[in-house]
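Student: following is a predicted model, sequence given first.
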Amino acid sequence: MGTVAIVDYGMCNLDSVRRAVEECGRPVVVTEDAADIAAAGHIILPGVGAFPDAMRRITERGLDKVLHEQVIVEGAPFLGICLGMQLLAGVGLEGGATEGLSWIDGAVRRLQPTGQERIPHVGWNEVVPQGDSPLFEGIEPGSDFYFVHSYHLACSSDEDVAATTPYCGGFTSAVRRRNVHAVQFHPEKSQRNGMRLLRNFLEL
């Protein structure tokens with residue numbers, strides 16, 4: 001099934017993601033090199049931090065072009081994690097409007113509390129799958145995963161929503177469009193359910 005490329009654009013401690021994939025029995029390369037990404041069987045885009053900074057680093061390195069070629073044109077299985085999910089949007093509204101990768105129609109907006117919820121949203125919360133995303137096969141609906149974020153991807157179409165979470169009035173916590181999958185939570189920090197989700201992705 002080939003190597004798993006974890007895309008390094010300088011905005012995430014990638015060791016935990018790398019170790020989790022290695023525990024799934026797959027060879028891993030952490031890289032910003034286009035050739036490594038082009039040769040990979042699966043591609044993971046993690047991320048922690050601000051949307052504008054991430055997009056600037058990705059475009060400066062030319063990673064937007066190689067990712068588009070390998071994922072959108074060639075159809076390589078792709079998983080975005082946390083900020084890596086938000087970057088798939090058409091636009092991010094953190095600190096002003098910044099164009100995203102535009103793989104998923106929608107905008108990244110700040111979470112809005114509806115009661116006593118705290119922002120950033122940190123900790124365990126339930127994830128409720130919508131539709132038949134293969135990422136959640138064998139995982140009980142409503143299982144808890146670990147979150148750390150203040151923004152969320154508001155999808156323009158419900159067809160792209162793979163899971164939701166009932167916090168701040170409810171937000172999209174996973175998306176799917178063909179071979180593109182992404183989650184707002186951190187599977188590498190979500191213990192047994194997170195490892196099952198990663199294995200499901202790597203079996204695609």
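Tutor: Good, I have the coordinates.
Student: buried set for the longest helix seen in the chain?
Tutor: Looking across the chain with DSSP state H, the single longest helix is helix 191-202. Neighbour-count burial for helix 191-202, counted by 16 or more other Cβ atoms under 10 Å, picks out Asn193, Gly194, Met195, Arg196, Leu197, Leu198, Arg199, Asn200, Phe201, Leu202. Just so you know, the C-beta spots here come from the backbone N, C-alpha and C atoms, and that holds for glycine as well.
Student: same question for stretch 8-16.
Tutor: Quick answer for stretch 8-16 (16+ other Cβ under 10 Å): Asp8, Tyr9, Met11, Cys12, Leu14.
Student: please produce JSON lines containing these, extended by secondary structure.
Tutor: JSON lines is the format used below for the buried residues of stretch 8-16 (DSSP: H, G, I helix; E, B strand; the rest coil):
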{"residue": "Asp8", "secondary structure": "coil"}
{"residue": "Tyr9", "secondary structure": "coil"}
{"residue": "Met11", "secondary structure": "coil"}
{"residue": "Cys12", "secondary structure": "coil"}
{"residue": "Leu14", "secondary structure": "coil"}
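Student: by pLDDT, give me the weakest of the residues you listed.
Tutor: Among these, Cys12 carries the weakest pLDDT, at 78.
Student: where's it relative to Arg18, distance?
Tutor: Distance from Cys12 to Arg18, counting by Cβ to Cβ, to the nearest Å: 11 Å.
Student: need the helices for the protein, in chain order.
Tutor: 15-23, 34-39, 51-60, 63-67, 83-86, 191-202.
Student: got the ones you listed as a markdown table, with distance to Ser133 and mean pLDDT columns?
Tutor: A markdown table is the format used below for the helices of the chain (distance: least, Cβ to Cβ, whole Å; pLDDT from 0 to 100):
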| stretch | distance to Ser133 | mean pLDDT |
| --- | --- | --- |
| helix 15-23 | 19 | 96 |
| helix 34-39 | 24 | 96 |
| helix 51-60 | 24 | 96 |
| helix 63-67 | 21 | 97 |
| helix 83-86 | 13 | 98 |
| helix 191-202 | 9 | 98 |
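Student: what about Gly115, how many neighbours?
Tutor: The number of residues packed near Gly115 is 6, by other Cβ atoms under 10 Å.
Student: could you count how many residues lie near the nearest residue to Gln112 once chain neighbours are set aside?
Tutor: In space, Gln112 comes closest to Cys168 once its chain neighbours are excluded; the distance is 5.7 Å by Cβ to Cβ, 6 or more residues apart in numbering. Cys168 has 17 neighbouring residues, counting by other Cβ under 10 Å.
Student: residues in contact with Cys168?
Tutor: Going by Cβ atoms under 8 Å, 6 or more residues apart in numbering, Cys168 touches Leu111, Gln112, Pro113, Thr114, Glu117, Ile119, His121, His152.
Student: just Ile43 next, same as before
Tutor: Counting by Cβ under 8 Å, 6+ apart, Ile43 has contacts Val4, Ala5, Val7, Ile37, Leu67, Gln70, Val71, Ala76, Pro77, Phe78, Leu79.
Student: wait, which of these is closest to Gly142?
Tutor: Leu79 (21.4 Å; Cβ to Cβ).
Student: turn the helices of the chain into JSON lines, columns for distance to Asp158.
Tutor: Shown next, in JSON lines, are the helices of the chain (distance: least, Cβ to Cβ, whole Å):
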{"stretch": "helix 15-23", "distance to Asp158": "29"}
{"stretch": "helix 34-39", "distance to Asp158": "31"}
{"stretch": "helix 51-60", "distance to Asp158": "23"}
{"stretch": "helix 63-67", "distance to Asp158": "25"}
{"stretch": "helix 83-86", "distance to Asp158": "16"}
{"stretch": "helix 191-202", "distance to Asp158": "21"}
